[in-house]
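S.K.: this one's sequence-less:
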């Protein structure tokens, strides 16, 4: 047995080096997409010392999730503190955390497989081999590239890592209870701490509780006494009744809320989202078995929406497929418990992100935890089916699978090796994706404005493609206008008209107001757009009949126009009225108070400026504007003394 453990340790070491080699080409990549707002443009995560204030600000600097994901954000802050802002250390950390998760998967599966109640030809050798195979597949699966190579998705990796620890400690505690009839509270406390840590990495780790419940009902229930089963049934009835009660009394309210929220922020309705997920979830399963590199990628905004069960017909087929799998899990829960557990695990992992919450329709990283269940179900079933094959045949079969998956993963990882490579392959595999075309266009944009004018045509080509594919967002057209400005060329009237059309008719967006402020500004006395074009865009934005339903966007648009009037036309009184309106609509936005104070100082009204400044301090409840407000206070005092 000692020799087998030694071989297992050597196997883990070899697999770790193997995984590192597979992801090696991705280590030269940079910060992409959501990495930029969460890390690059987030000053609070770039800590230079380890005092409590810096740590607290870094931990709470995320705008994602209700809990701010403090552990994940702290891990990014530690990267900055110890290794600086180069992406290499972030990427290496992701790979190491990914490997660590694989090791925990190995330990968990070994504990599950070694339970005598599973009746799966248990012996030490079988348990170690199955555990190692499952861990390897989880580590080298191609779908996980857009989690491991995508720096910001460390949140997902960390949440899965701590979730697996919570499950492992729970299983160890239950095994101890079964074998000795004594409860070891230590394991359960460790499980609870790991669970809390998982939730503080990413909120969807709350689903770990349901995975634990499925392990209890499918694996450990078979070993309970009749009395224990009776008590467990009572708990099940109570929980079911509570869920039914909450569904009846709060379900309609939640559905109404999510329906309105989906319509407000997305290009689809809640009904369309739920129907489309009936195709997406089976697609995840298909990718598990057939990871088609031409279908995979970070951007999947080109997916067709389902409008009914029959449009397209694959929506109904997807529903049938899901029902069949759930039925298999129920029917075979005693005969093939790991198969049943794996199926339940997969669907539990998608309960939040693949149902009613108005997130993007499809992201591959959502499978990081669910695929563990799918891998357990598949490998346990194959081992049970082909256990009569001799060792050489089994080794050959496993080697083929590992080599194929490793090759595909290595190729995908190489796509993340540079910004140009990443954007190029995203667009190649998803030519109708707005984000892919926009990303590639922006890469060529950067090249074109940095003394590489030969890339101008390519930048225009892909940004125009993004513009024509997207009827709601103005980022592609804004980039085209800024490109022309930086290359000292006039902006096409067509691009301005595209922006005006979207500003007037698409749902108002806060980022549109910010872009409008940029487009109508001047840099070194050179203006991006002429005054008439700027006025045309503001008129279009403010004539959107849905603008008042989006207070933050409404206030930001008025603020942007106030800056335009002040800087481009010198209309101080009109600018002041717009600033007052911005504050009235969004009274908690400190920046609007600061802007108004600056205007009042320009108008030589320090007494009024002091009153507004006091309100600014009140609105800045997190102290993010303390330095700016203190600077304004000094200016007011200086102005008062001069008087």
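M.R.: Alright, I've got the coordinates. Just so you know, these numbers come straight off a predicted model, no measurement behind them.
S.K.: pLDDT weak spots in the chain?
M.R.: Applying pLDDT under 70 to the chain flags the ranges 1-2, 4, 114-125, 263, 387-388, 641-643.
S.K.: ranges for the strands of it?
M.R.: 522-523, 526-527 (DSSP state E).
S.K.: put together CSV for the ones you listed, with distance to residue 551 and mean neighbour count on each row.
M.R.: The C-beta positions use only the backbone N, C-alpha and C, and glycine is treated the same way. Output for the strands of the chain, formatted as CSV (distance: least, CB to CB, whole Å; neighbours: other CB atoms under 10 Å):
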stretch, distance to residue 551, mean neighbour count
strand 522-523, 28, 11
strand 526-527, 29, 12
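S.K.: same list (these) but as CSV, adding distance to residue 194.
M.R.: Putting the strands of the chain into CSV (distance: least, CB to CB, whole Å) gives the following:
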stretch, distance to residue 194
strand 522-523, 51
strand 526-527, 56
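S.K.: figure out which of these is closest to residue 87.
M.R.: Closest to residue 87 of those is strand 522-523 (CB to CB; 28.5 Å).
S.K.: just checking: what are the partner strands of the closest one?
M.R.: Strand 522-523 has these partner strands in its sheet, going by DSSP bridges: strand 526-527 (antiparallel).
S.K.: quick one on the thing from earlier: and the strands of the chain: which comes nearest residue 639?
M.R.: Using CB to CB, the nearest of these to residue 639 is strand 522-523, at 26.1 Å.
S.K.: what distance separates that closest one from the centre of its chain?
M.R.: 35 Å (CA atoms, centre = their mean, to the nearest Å).
S.K.: for residue 93, which non-adjacent residue is closest in space?
M.R.: Distance criterion CB to CB, 6 or more residues apart in numbering; nearest residue to residue 93, sequence neighbours excluded, is residue 79 at 6.0 Å.
S.K.: list the contacts of the one you found.
M.R.: 89-90, 93 (CB atoms under 8 Å, 6 or more residues apart in numbering).
S.K.: and the gap between residue 553 and residue 465?
M.R.: Separation of residue 553 from residue 465 (CB to CB, to the nearest Å) stands at 26 Å.
S.K.: if you count what's nearby, which of those two comes out ahead?
M.R.: A direct count of neighbours by other CB atoms under 10 Å for residue 553 and residue 465 places residue 553 higher, at 24 against 21.
S.K.: ok, back up a step: out of the contacts of residue 79, who's the most crowded?
M.R.: Highest neighbour count within these: residue 90, with 23 neighbours (other CB under 10 Å).
S.K.: ok, it touching residue 151?
M.R.: Yes - Residue 90 lies in contact with residue 151 (CB atoms under 8 Å); the separation is 4.6 Å.
S.K.: how far does stretch 241-260 sit from its chain's centre?
M.R.: On CA atoms, centre = their mean, the centre of stretch 241-260 falls 25 Å from the chain's centre.
S.K.: can you give me the buried ones in that stretch?
M.R.: For stretch 241-260, a neighbour-count test (16 or more other CB atoms under 10 Å) marks 258-259 as buried.
S.K.: stretch 205-219 too?
M.R.: Applying 16+ other CB under 10 Å to stretch 205-219 flags 205, 207-208, 211-212, 214-219 as buried.
S.K.: which among those residues gets closest to residue 574?
M.R.: Nearest to residue 574 among these, with distances taken as CB to CB, is residue 205, at 50.8 Å.
S.K.: how close does the closest one sit to residue 369?
M.R.: 8 Å.
S.K.: give me the common contacts of these two.
M.R.: By CB under 8 Å, 6+ apart, the residues touching both residue 205 and residue 369 are 159-160, 163.
S.K.: show me which of those is closest to residue 612.
M.R.: residue 159 (43.0 Å).
S.K.: what about that closest one, neighbour count?
M.R.: Neighbour tally, residue 159, other CB under 10 Å: 29.
S.K.: now swap in residue 566 and tell me
M.R.: 20.
S.K.: that one contacts residue 596, correct?
M.R.: No - using CB under 8 Å, residue 566 is not in contact with residue 596, being 10.9 Å away.
S.K.: which neighbours do these two share?
M.R.: Between them, residue 566 and residue 596 share no contacting residue, judged by CB under 8 Å, 6+ apart.
S.K.: give me the distance between residue 181 and residue 228.
M.R.: Per CB to CB, residue 181 is found 11 Å from residue 228.
S.K.: between those two, who's got more neighbours?
M.R.: Each of residue 181 and residue 228 has its neighbours counted (other CB under 10 Å); residue 228 has more, 12 against 7.
S.K.: tell me, how many residues neighbour residue 382?
M.R.: 16.
S.K.: mind starting the numbering at 22 from now?
M.R.: Got it, first residue is 22 now, which makes that one residue 403.
S.K.: tell me who's in contact with the spatially most central residue of the chain.
M.R.: Nearest residue to the geometric centre of the chain (CA atoms, centre = their mean): residue 174, 6.2 Å. Counting by CB under 8 Å, 6+ apart, residue 174 makes contact with 115, 167-168, 386, 389.
S.K.: would TSV of those residues with neighbour count be doable?
M.R.: TSV is the format used below for the contacts of residue 174 (neighbours: other CB atoms under 10 Å):
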residue	neighbour count
115	25
167	24
168	25
386	21
389	24
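S.K.: those in helices, which ones?
M.R.: Among the contacts of residue 174, DSSP state H puts 115, 167-168 in helices.
S.K.: which one among those residues gets closest to residue 559?
M.R.: After measuring the ones in helices among the contacts of residue 174 against residue 559 - CB to CB - the closest member comes out as residue 167, at 38.7 Å.
S.K.: does anything pack onto the longest helix along the chain? Which helices or strands?
M.R.: Identified as the longest helix of the chain according to DSSP H is helix 247-286. Helix 247-286 sits against helix 291-310, with contacts defined as 3 or more CB pairs under 8 Å, 6 or more residues apart in numbering; DSSP states H and E.
S.K.: packing partners for the helix it packs on?
M.R.: Counting contacts by 3+ CB pairs under 8 Å, 6+ apart, helix 291-310 is packed against helix 247-286, helix 335-352, helix 391-406.
S.K.: could you give the angle of the shortest one to helix 291-310?
M.R.: Calculated by axes from the mean of the first three to the mean of the last three CA atoms, to 10 degrees, helix 391-406 forms an angle of 40 degrees with helix 291-310.
S.K.: who touches helix 391-406?
M.R.: 126, 130, 133-134, 141-142, 147, 151, 154-155, 158-159, 162, 164-165, 181, 185, 232, 305-306, 309-310, 357, 359-371.
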